[in-house]
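J.: sequence first, then the predicted structure, then my questions.
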Amino acid sequence: MKSSDEEQLSNEAIQNEVLAYFREQSLPKTDDPLIWWKANEQRFPTLAKLANPLLCIPATSTPSERLFSAAGNIVSKKRASLSPEHVDVLTFLHCTTTDSLDGL
C-alpha cells in the first residue's frame with residue numbers, strides 16, 4: 001500500500017502529465033492517433049494506458065445500418081397503418097432476436 005507521500009507524488013506526476021498533454025498541439029485530422037500515442041507513450045505513460053483501449057475500438061456503422069434495414073422491412077406499403085409504438089416494438093424484437101441468434 002502506498003504511503004501518503006508516495007500517493008501525493010503519484011498524483012502530482014499524473015497532474016503534470018495531463019497538463020503537459022494539454023499543452024501539445026492538436027493532431028491533424030489526417031494523422032493516425034494510434035501512431036501518435038505509440039510515439040509518445042514514454043512521455044505520457046498514464047494517459048497512453050487510458051487511450052489505448054479507447055482507440056482500438058473499430059469504427060463501424062453496421063448496427064445502425066441493420067436497424068434501418070430492419071425498420072424498412074417492417075414498415076412496408078402493406079403495413080403502413082402500424083402505429084409508431086408498434087413499429088418500435090417490432091423493430092426491437094427483430095433486432096434482439098437477430099442479435100441473440102448471431103451468437104449461435
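T.: Perfect, I can see it now. Residues are numbered from 1 along each chain as shown.

J.: how much space separates residue 6 from residue 16?
T.: Look at residue 6 and residue 16: by C-beta to C-beta, to the nearest Å, they are 16 Å apart. Using the backbone N, CA and C atoms, a C-beta is placed for each residue, glycine as well.

J.: residue 29 in helix, strand or coil?
T.: coil (DSSP: H, G, I helix; E, B strand; the rest coil).

J.: residues in contact with it?
T.: Applying C-beta atoms under 8 Å, 6 or more residues apart in numbering to residue 29 gives no contacts.

J.: any idea of the pLDDT on it?
T.: Predicted confidence (pLDDT) for residue 29: 89.

J.: for it, phi and psi?
T.: Dihedral pair for residue 29: phi -60, psi -20, per degrees, to the nearest 10.

J.: which SS class is residue 65?
T.: helix.

J.: could you count how many residues lie near it?
T.: Here the number of neighbours of residue 65 (other C-beta atoms under 10 Å) works out to 10.

J.: now it: how far from residue 94?
T.: Counting by C-beta to C-beta, the gap from residue 65 to residue 94 is 14 Å.

J.: do residue 7 as well
T.: Here residue 7 is placed at a distance of 52 Å from residue 94 (C-beta to C-beta).

J.: and the chain, what are its domain boundaries?
T.: 4-55, 62-102 (automatic domain parsing).
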